[in-house]
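my questions are about this predicted structure, shown below with the sequence.
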Amino acid sequence: MSGASNEQVEIAVAARQMKLESPQVAASSLSVRNAALAAAKDSLVAHADQIFEANEADVKAAEEAGVAPAVIKRLRFDQHKLDDVVAGINDLISLSDPVGAVLLDRELDEGLRLKRIACPIGVIGVIFEARPDALVQISTLCLKSGNCSILKGGSETARTNKVLFELIHDAAVAAGMPASCMLQVEAREDIGKLLACDDSVDLLIPRGSNAFVRYIMDNTRIPVMGHADGICHIYVDESADLDVAIPVIIDAKTQYTAACNAVETLLVHRTIAPLLMPRLAEACVAAGIELRGDAAAQELAECKPATDEDWATEYLDLIVSVKVVDSIDEAIEHINRYGSHHTDAIMAEDDAAAARFMQLVDSAGVYRNCSTRFADGFRYGFGAEVGISTSKLHARGPVGLEGLVTYKYELEGHGHIVGDYATGKRSFHFRDL
């Protein structure tokens, strides 16, 4: 890397070496990869006190710096978070091997056989928000799928991330994985250096604000997969059962308010609004939720005025905006216009209305009569996730093992040459096996 500083050269060299050695990681056996996961899990449990001590220091520093309480909750790595990541690793170990799966097996001609085989992507760089459990989820998913990972976590949890990385990396190597299977990037300025490694990194997955993800996309030639904002909606149809709808709305907002799959906007059919709004307002007061409504919503229940800016806002707070709509089509149009194509839900007993909504809403996750908080790799049985993708290419929604593999074509013949087919001496018969 001409003209690069020593630090740039170090990152570039490390990434390039990882790229060269990534086939060894891809070729590791399932038994070795599962052994690495088991060893990592045991190491995390055995060193829980060390992890918690580092995390306590991170959280204290964040609180002293005036970090918002909703963000502080994401920084914490306590026994509950440890139990969750351990459960996720156990699920990963139990999942079938995504590497080597035969996706297509076709005889093109006698003795000429084509296969499409699932294989790891290679080197995946993940730049994620200040959630220590994300480091565990990402690194273990990459280990299981035979990918090398370059990990850059948020500076707010630098101490926790360092301890977690070292425990997982050392356990994986002791179990037989190559040392190059994982690399940690710690300094904020190293992000730019990582973005320049387009000859070494196969895929970037950024997790953070919309501005941050856009910055990543605009400043690298590496393919980028991920999502930025999580502006999720719940539409309450005129056919909704309010005894079902209200608990779902409260769960979608309060179960984990700072999550990207928490609901931010409610769209309410005008016919059912007079019945819903008073009950919803009462439930929101009890849950500490602030309602911001349009003029129609304000006439039906006590709530602050909503502005056009509210429809495009990811609050990550106990705030919900409410808009009364005249039809399901108006709700769909609003979601496709203002949403982030993450996760959106309809509360409806009418099958036709639900089917229309789920077909026309252009989001990675479209739900009926359940909380948007289900948009999660662990809850889908993926063994956690590296992130949620709102793009439409390669992977969409929670990205688990299947989203971390691509494929290659393997063709075996017996001296077959294209000239024989060009001259009509031989012909294809394309028979799937």
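Cool, the structure landed.

residue closest to the middle of the chain?
For the chain, residue 387 is the residue whose C-alpha lies nearest the centre (CA atoms, centre = their mean; 1.5 Å).

what's opposite that one in the beta bridge?
For residue 387, the beta-bridge partners are residue 399 (DSSP bridges).

I figured it hits residue 129, correct?
No. Counting by CB atoms under 8 Å, residue 387 does not reach residue 129; the two are 9.8 Å apart. For the C-beta atoms, the positions are set from N, CA and C on the backbone; glycine is no exception.

ok but residue 129 is inside a strand, no?
No. Counting by DSSP: H, G, I helix; E, B strand; the rest coil, residue 129 is not found in a strand; it is coil.

show me where pLDDT drops low in the stretch 151-300 of the chain?
209-210, 227-228 (pLDDT under 70).

can you show me the helices along it?
158-174, 190-195, 210-218, 242-254, 273-287, 295-300 (DSSP state H, counting those that start in this stretch).

residues of the fifth one that come out buried?
Along helix 273-287, the positions that meet the burial threshold by neighbour count (16 or more other CB atoms under 10 Å) are 273, 276, 277, 280, 281, 284.

identify the residues contacting the closest residue to residue 112 other than its chain neighbours.
Nearest residue to residue 112 in three dimensions, chain neighbours excluded: residue 413, at 4.5 Å (CB to CB, 6 or more residues apart in numbering). By CB atoms under 8 Å, 6 or more residues apart in numbering, residue 413 lies in contact with 111, 112, 113.

which other residues reach stretch 254-264?
Contacts of stretch 254-264 (CB under 8 Å, 6+ apart): 70-71, 73-74, 227, 229-234, 249, 252-253, 287-289, 313-321, 342-343, 345, 365, 371-376, 388.

that older thread, will you turn the helices of the stretch 151-300 of the chain into TSV that also has distance to residue 432?
Output for the helices of the stretch 151-300 of the chain, formatted as TSV (distance: least, CB to CB, whole Å):
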stretch	distance to residue 432
helix 158-174	38
helix 190-195	42
helix 210-218	39
helix 242-254	44
helix 273-287	52
helix 295-300	56
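
return the most buried member of the ones you listed.
Scoring the helices of the stretch 151-300 of the chain by mean neighbour count under mean count of other CB atoms under 10 Å gives helix 158-174 as the most buried, with a mean of 21.

which other helices and strands does that one contact?
helix 30-46, helix 48-64, helix 132-144, strand 182-184 (3 or more CB pairs under 8 Å, 6 or more residues apart in numbering; DSSP states H and E).

most packed of these?
helix 132-144 (a mean of 26).

domain assignment for the protein?
With domains defined by automatic domain parsing, the chain comprises 6-224+400-407, 232-374.

between those, which gets nearest to residue 392?
Closest of the domains of the chain to residue 392 is domain 232-374, at 8.6 Å (criterion: CB to CB).

run the chain-centre distance for that closest one.
22 Å (CA atoms, centre = their mean, to the nearest Å).

try stretch 183-194
Centre to centre, stretch against its chain (CA atoms, centre = their mean), the figure for stretch 183-194 is 21 Å.

any idea how far apart the tips of it sit?
Terminal residues of stretch 183-194 are spaced 11 Å apart (CA to CA, to the nearest Å).

run through who's touching it.
Counting by CB under 8 Å, 6+ apart, 7-8, 11-12, 14-15, 18, 125, 127, 148-152, 155, 158, 161-162, 165, 169, 201, 219 sit against stretch 183-194.

show me how to select, in PyMOL, the buried members of these.
The buried residues among these can be selected in PyMOL (16+ other CB under 10 Å) with this line:
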select buried, resi 8+11+12+14+15+18+125+127+148+149+150+151+152+158+161+165+169+201
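
which ones among the contacts of stretch 183-194 lie within strands?
125, 127, 148, 149, 150, 151, 152 (DSSP state E).

in contact with the nearest residue to the fourth one once chain neighbours are set aside, which residues?
With sequence-adjacent residues excluded and distances taken as CB to CB, 6+ apart, residue 149 is closest to residue 142, at 3.9 Å. Applying CB under 8 Å, 6+ apart, we find residue 142 in contact with 124, 148, 149, 181, 182, 386, 404.
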